[in-house]
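Chemist: heads up, no residue letters with this:
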């Protein structure tokens, strides 16, 4: 009977051991992500490692002058017709192209082939071109881009952004905003703002003059009417932006610089992204998750911080049902602790190779054709840096669990059970 209860106890302990392995892996992953993901340092380090502050003007310049922004349909006119097409046109194109090709072309994953364009043309002729039925309009230029920026090249944008936000100013501004944001997410502050004092100071000085000069040199030549407005110092309540003769350039720059300084007086020293709650405002919610996303995030993070208590409880139950000696204690603790440490260590070390494979096989084929390869490569670099920081925080705890569990497991084989004390056998008393 005693042997039967021992088997039942060990079976129950085995179930608890399996649950301990699962919950330990989950707790290790969640606590590592919770600790690292809400740490501004890993994002600041990633931006520095990828030289984003130095490369940002070039990235933005290439992005703003790409054909997708100036003419979104230039790269894939069939995709423009698919987007928002009538049900009849969608059905016709799906039949002509096939479901897979229809979805790939419509989502911008690839360009249509010449054969596919020929197959789609009868549908466009029969049901009409959605692109022509819905012409794009904007204020001052195509796609809503102001006419002031229509003539800017990628080099112009790069020069302008370098003037506005040189790396030495952009990095402190970005890092200050990140620190405030994660302080807000961690419940240590109630507001997030972007400092603008340094930017205003630059615009009121030589940098503002250089910015205006760069914008003017990218504009078309001034008309006679615009030159008359520059000479008279009047602009009918607006700003004159054109490229005047060299002798008139200082006059126009001076006029625009005064208007810029006047406009800067109305800009605050910081832009508030998240305002603090007003005095007397109602609480975010009475439920366990509150009524707003931030309250939910903070509550979930609290549960994550308490998650290691779950595997600890299973470990105590294992001890209660199975441990009867030092040898059994080392065995029943060693194996369940070794397994999650081994798995978590493998996950941490294989994260980057898996990321590279996923990026190559699944992400790259789905990147729209209008996104420059350099920008996609920068995105991969940022993701790699962040993932490396996240998994790096998991490798050390996993290695400690693996080493402790393996040592206990191996050590259990060197402990021998104590021999029972030999009791002398008393011979029976002979019968009289």
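Modeler: That came through fine. These figures come from a predicted structure and were not determined experimentally.

Chemist: Could you pull out the buried residues of stretch 403-419?
Modeler: 405, 406, 408, 409, 412 (16 or more other C-beta atoms under 10 Å). (Each C-beta comes from the backbone N, C-alpha and C, glycine too.)

Chemist: Residues contacting it, please?
Modeler: Residues outside stretch 403-419 that contact it (C-beta atoms under 8 Å, 6 or more residues apart in numbering): 325-328, 330-331, 333-339, 341.

Chemist: Where does pLDDT dip in the stretch 251-400 of the chain?
Modeler: The model of the stretch 251-400 of the chain has pLDDT under 70 over residues 278-292, 368-372.

Chemist: now swap in the stretch 101-250 of the chain and tell me
Modeler: Residues of the stretch 101-250 of the chain that meet the cut-off, pLDDT under 70, sit at 107-109, 128-148, 233-239.

Chemist: just the strands in this protein please.
Modeler: 192-195, 270-274 (DSSP state E).

Chemist: So which of those is the most surrounded?
Modeler: Counting by mean count of other C-beta atoms under 10 Å, strand 192-195 has the highest mean neighbour count of the strands of the chain, with a mean of 17.

Chemist: count of residues packed around the nearest residue to residue 13 once chain neighbours are set aside?
Modeler: Nearest residue to residue 13, sequence neighbours excluded (C-beta to C-beta, 6 or more residues apart in numbering): residue 322, at 3.6 Å. Using other C-beta atoms under 10 Å, residue 322 has 21 neighbouring residues.

Chemist: Check the gap between residue 322 and residue 316 for me.
Modeler: Noted for residue 322: a distance of 11 Å to residue 316, by C-beta to C-beta, to the nearest Å.

Chemist: Quick one: residues contacting residue 303.
Modeler: So residue 303 contacts nothing (C-beta under 8 Å, 6+ apart).

Chemist: ok, back up a step: filter the contacts of stretch 403-419 down to the buried ones, ChimeraX style.
Modeler: Buried residues within those, by 16+ other C-beta under 10 Å, are selected in ChimeraX with:
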select :327,328,330,331,333,334,335,336,337,338,339,341
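
Chemist: Format the contacts of stretch 403-419 as JSON lines; extra columns: distance to residue 7.
Modeler: Output for the contacts of stretch 403-419, formatted as JSON lines (distance: C-beta to C-beta, whole Å):
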{"residue": "325", "distance to residue 7": "17"}
{"residue": "326", "distance to residue 7": "22"}
{"residue": "327", "distance to residue 7": "18"}
{"residue": "328", "distance to residue 7": "14"}
{"residue": "330", "distance to residue 7": "21"}
{"residue": "331", "distance to residue 7": "16"}
{"residue": "333", "distance to residue 7": "20"}
{"residue": "334", "distance to residue 7": "21"}
{"residue": "335", "distance to residue 7": "18"}
{"residue": "336", "distance to residue 7": "19"}
{"residue": "337", "distance to residue 7": "24"}
{"residue": "338", "distance to residue 7": "24"}
{"residue": "339", "distance to residue 7": "22"}
{"residue": "341", "distance to residue 7": "28"}
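
Chemist: among the contacts of stretch 403-419, which are in helices?
Modeler: Counted as lying in helices by DSSP state H, out of the contacts of stretch 403-419, are 326-328, 330-331, 333-339, 341.

Chemist: which one of these is nearest residue 222?
Modeler: When the ones in helices among the contacts of stretch 403-419 are ranked by distance to residue 222 (C-beta to C-beta), residue 341 comes first, at 72.8 Å.

Chemist: surely the closest one meets residue 396?
Modeler: No - look at residue 341 against residue 396 with C-beta atoms under 8 Å: they stay out of range, at 10.8 Å.

Chemist: still on that earlier bit, right, so of the strands of the chain, which gets closest to residue 230?
Modeler: strand 270-274 (32.7 Å).

Chemist: domains for the chain, by residue range?
Modeler: Split into domains by automatic domain parsing, the chain comes to 2-38+307-414, 73-135.

Chemist: Residue 94 versus residue 88, what's the distance?
Modeler: 11 Å.

Chemist: okay, those two: which has more neighbours?
Modeler: Between residue 88 and residue 94, counted using other C-beta under 10 Å, the more crowded position is residue 94 (16 against 12).
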